[in-house]
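Undergrad: Give the three-dimensional model of this entry:
(chains A and B)
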Amino acid sequence: DAGITQSPRHKVTETGTPVTLRCHQTENHRYMYWYRQDPGHGLRLIHYSYGVKDTDKGEVSDGYSVSRSKTEDFLLTLESATSSQTSVYFCAISEFPSRRATNEKLFFGSGTQLSVL
Amino acid sequence: AQTVTQSQPEMSVQEAETVTLSCTYDTSESDYYLFWYKQPPSRQMILVIRQEAYKQQNATENRFSVNFQKAAKSFSLKISDSQLGDAAMYFCAFSNTGNQFYFGTGTSLTVIP
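TA: The predicted structure is shown next:
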């Protein structure tokens, strides 16, 4: 299994408070992603990173920010948590493929269950 | 924009029988990858099978195989000899060569003993 650690595994917080979720990898993969999983929506991309200090928005980025100061760490911050951000958050990693790479795939962390009350 | 559609929110199969999960996608690209991921109650996302679009041969992994129809933009998963441990949520996913991954909404598979 790929070495991806998400912390915390569970978190309960109150509306309006800041929250930071951490993803740590030991694979030295270039790409890192944050997804949220909600019933009926599958997995939706929040932000992703293609290198240190290189990040970009996904389809549901409003209310979230990210930072990547080291290859191995990718942080997701909810500046002011809202109840609509109650979800399961997954970190994933991927290696940048050469064209027609044979190892293109996403490796996932175990997820963080976040409840905003 | 790429989209992935799974039109079957729930499916069920008798143990030892075969079941097919459907997935369609939309893209203008010619080179891409397709995946099926399994998510059991443990919440862990597990890669079941992957398919390169440039390969005409359908991928197989033991009891799991795909029916890849590139022209129809269809990518179905067949599970043969279903086992109780196959019960899970299954997600179809698409990746372009820009390293973006897009997921369907999932199909919940129940295996009936």
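Undergrad: Can you check the pLDDT for residue 73?
TA: Assuming you mean chain A. The per-residue pLDDT reported for A:Asp73 equals 97.
Undergrad: My question was about chain B, not that one.
TA: With respect to pLDDT, B:Lys73 scores 95.
Undergrad: interface residues of chain B facing chain A?
TA: B:4, B:6, B:9, B:31, B:33, B:35, B:37, B:43-45, B:47, B:50, B:52, B:54, B:91, B:93, B:95, B:97, B:99-106 (CB under 8 Å from any CB of the partner chain). To be clear about C-beta, it is placed using only N, CA and C from the backbone, and glycine gets the same treatment.
Undergrad: Of those, which belong to strands?
TA: Residues of the residues of chain B next to chain A located in strands (DSSP state E): B:4, B:33, B:35, B:37, B:47, B:50, B:52, B:91, B:93, B:95, B:101-103.
Undergrad: which stretches of chain B have low pLDDT?
TA: Scanning chain B for pLDDT under 70 picks out the ranges B:1, B:97-98.
Undergrad: quick one: contacts for the most centrally placed residue in it?
TA: In chain B, the C-alpha closest to the average C-alpha coordinate belongs to B:Trp36, at a distance of 3.4 Å (CA atoms, centre = their mean). B:Trp36 sits next to B:21, B:23, B:47-50, B:64, B:66, B:75, B:77, B:90-93 when contact means CB atoms under 8 Å, 6 or more residues apart in numbering or on different chains.
Undergrad: hmm, back to that, quick one: buried ones out of the ones in strands among the residues of chain B next to chain A?
TA: Buried members of these, counted by 16 or more other CB atoms under 10 Å in any protein chain shown: B:4, B:33, B:35, B:37, B:50, B:52, B:91, B:93, B:95, B:101-103.
Undergrad: I figured A:Ile77 was touching A:Ser61, is that so?
TA: For the record, residue A:77 is Thr, not Ile. No. A:Thr77 is beyond contact range of A:Ser61, at 11.8 Å (criterion: CB atoms under 8 Å).
Undergrad: Beta-bridge partners for A:Val88, please?
TA: Counting by DSSP bridges, A:Val88 is bridged to A:Gln37, A:Gln113.
Undergrad: can you tell me how far the residue nearest to B:Phe101 when sequence neighbours are not counted sits from A:Leu106?
TA: In space, B:Phe101 comes closest to B:Ser95 once its chain neighbours are excluded; the distance is 4.8 Å by CB to CB, 6 or more residues apart in numbering or on different chains. Applying CB to CB, to the nearest Å, the value for B:Ser95 to A:Leu106 is 8 Å.
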